[in-house]
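In: the following block contains a protein sequence and its predicted model.
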Amino acid sequence: MDKLTVTAASRVTAADLATARLGSRFGRMDLFSQLALLAVESLGINFDSLARDRVAICLAAATSSLATDVEFWKGRDAAGGLSPTLFTYTLPSAAIGELAIRHRLTGPNLCLVGGDALLLAEAADLIRRGEADACVCVSGDVVSAALAELIRVPATAGASALFLQRGGEGPHVLRENDRDIASWCAVISGAKNLG
């Protein structure tokens, strides 16, 4: 079995967006796409050194696009009606498109709706089957205040990302039962803080 290595991991929240400067498209994106993009930027991966058609994107959207859907639907009573710009982000996979555009990644992609329990296994499978050499994995959850009121859960906004690739040794080798992206972010961040 090929060894796969987590070479970078990051975690961002809505508070991190205040200082983010990621181009003209960034401001018009929905919150989930902004967080996903910022989490991937925080990885510090040099995509210029990689075959972009061999880099996959796997994304898990815990609450799908519900926060954006609620905002879009609220626009039905606003002057001018529903927003065509916001409509673009009413698909949970919209963040994949934004990541692919920004980094010119043309490898396979996969969007899972719900938790990220299968995300790393799916990413690893893409690499082991030879469909990709590496994978950008992103897991996020956005529950806006309006959505929180509707579904009666606390508001939250955050995203985690990691970069998985073939080969490597050491403490960051992906094991068969590794499933938790949040734990990998803590492990990688702890290693950076120690070194």
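Out: Great, that's in hand. Numbering: from 1, shown residues only.
In: what residue is smack in the middle of the protein?
Out: V138 (2.7 Å; Cα atoms, centre = their mean).
In: quick check, that residue in a helix?
Out: No - counting by DSSP: H, G, I helix; E, B strand; the rest coil, V138 is not part of a helix but strand.
In: by mean pLDDT, flag the weakest helix or strand of this protein.
Out: Lowest by mean pLDDT, DSSP states H and E among the helices and strands of the chain is helix 181-194, with a mean of 63.
In: where does the residue of the chain most remote from its centre fall, secondary structure wise?
Out: No residue in the chain sits farther from the centre than A79, which is 32.9 Å out by Cα atoms, centre = their mean. Counting by DSSP states H and E, no helix or strand carries A79.
In: where's it relative to A146, distance?
Out: Per Cβ to Cβ, to the nearest Å, A79 is found 19 Å from A146. Every C-beta, even on glycine, is put in place using the N, C-alpha and C of the backbone.
In: where do the helices sit along the protein?
Out: Applying DSSP state H to the chain gives helices spanning 31-41, 66-74, 84-87, 94-103, 119-128, 145-151, 181-194.
In: count the neighbours of T90 for me.
Out: 19 (other Cβ atoms under 10 Å).
In: just the one 5 residues further on next, same as before
Out: The number of residues packed around A95, counting by other Cβ under 10 Å, is 28.
In: kindly report the same for R28.
Out: 12.
In: thought it was touching T85?
Out: Yes - between R28 and T85 there is a contact at 5.9 Å, judged by Cβ atoms under 8 Å.
In: in stretch 105-122, what counts as buried?
Out: By 16 or more other Cβ atoms under 10 Å, the buried positions in stretch 105-122 come out as L105, G107, P108, N109, L110, C111, L112, D116, L119, L120, E122.
In: how long is that stretch end to end?
Out: Start-to-end span of stretch 105-122 (Cα to Cα, to the nearest Å) is 18 Å.
In: residues contacting that stretch, please?
Out: With contacts defined as Cβ atoms under 8 Å, 6 or more residues apart in numbering, stretch 105-122 is touched by 47, 52-62, 64, 92-93, 96, 99-100, 123, 126, 131-132, 135-137, 139, 164, 174, 178-181.
In: among the residues you listed, name the buried ones.
Out: Using 16+ other Cβ under 10 Å, the buried ones in those are 47, 54-62, 64, 92-93, 96, 99-100, 123, 126, 132, 135-137, 139, 164, 174, 178, 180-181.
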